[in-house]
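*Asks:* Have a look at this fold, sequence not included:
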């Protein structure tokens, strides 16, 4: 059974996009998120640049929804990152209210 070449092309594009996203997550986003979490855990507020970063992450995640739907094996990883960002935002809001 031969696969549709269009699907194979999409699979190759997806693989390249996923590889680039994984590098970005590992080298940039995860380290920054961990630093942000440490700061909000210690009672600090989110800075304007933190909020801008979180907005970029949110927009990027919306743009990759179809990619994740086509590659559901990455869904658990995405959920863990969403949980991390949610924790950061929740604690950041709590710190704002406490200030």
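*Replies:* On my side now, so go ahead. If you're wondering where the values come from, they're calculated on a predicted model, not measured in any experiment.

*Asks:* okay, CA-based contacts and neighbour counts for the rest of this
*Replies:* Fine.

*Asks:* those helices in this protein, which residues are they?
*Replies:* Applying DSSP state H to the chain gives helices spanning 5-24, 30-41, 48-63, 65-70, 75-98.

*Asks:* Mean neighbour count, those helices: which tops it?
*Replies:* Looking across the helices of the chain with neighbours counted as mean count of other Cα atoms under 10 Å, the highest average goes to helix 30-41: a mean of 16.

*Asks:* so can I have JSON lines of the helices of the chain showing mean pLDDT?
*Replies:* Supplementary listing: those in JSON lines, determined by pLDDT from 0 to 100:
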{"stretch": "helix 5-24", "mean pLDDT": "88"}
{"stretch": "helix 30-41", "mean pLDDT": "98"}
{"stretch": "helix 48-63", "mean pLDDT": "94"}
{"stretch": "helix 65-70", "mean pLDDT": "94"}
{"stretch": "helix 75-98", "mean pLDDT": "96"}
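
*Asks:* And residue 44, how far from residue 52?
*Replies:* Relative to residue 52, residue 44 is positioned 16 Å away (criterion: Cα to Cα, to the nearest Å).

*Asks:* can you give me how far stretch 19-39 is from the chain middle?
*Replies:* 8 Å (Cα atoms, centre = their mean, to the nearest Å).

*Asks:* how long is that stretch end to end?
*Replies:* The separation between the terminal residues of stretch 19-39, taken as Cα to Cα, is 29 Å.

*Asks:* which outside residues touch stretch 51-69?
*Replies:* Stretch 51-69 has contacts (Cα atoms under 8 Å, 6 or more residues apart in numbering) with 14, 74, 75, 85.

*Asks:* mind redoing it with 6 Å?
*Replies:* Contacts with stretch 51-69, where a contact means Cα atoms under 6 Å, 6 or more residues apart in numbering, come from no residue at all.

*Asks:* any idea how far it is from the chain center?
*Replies:* Using Cα atoms, centre = their mean, the distance from the centre of stretch 51-69 to the centre of the chain it belongs to is 6 Å.
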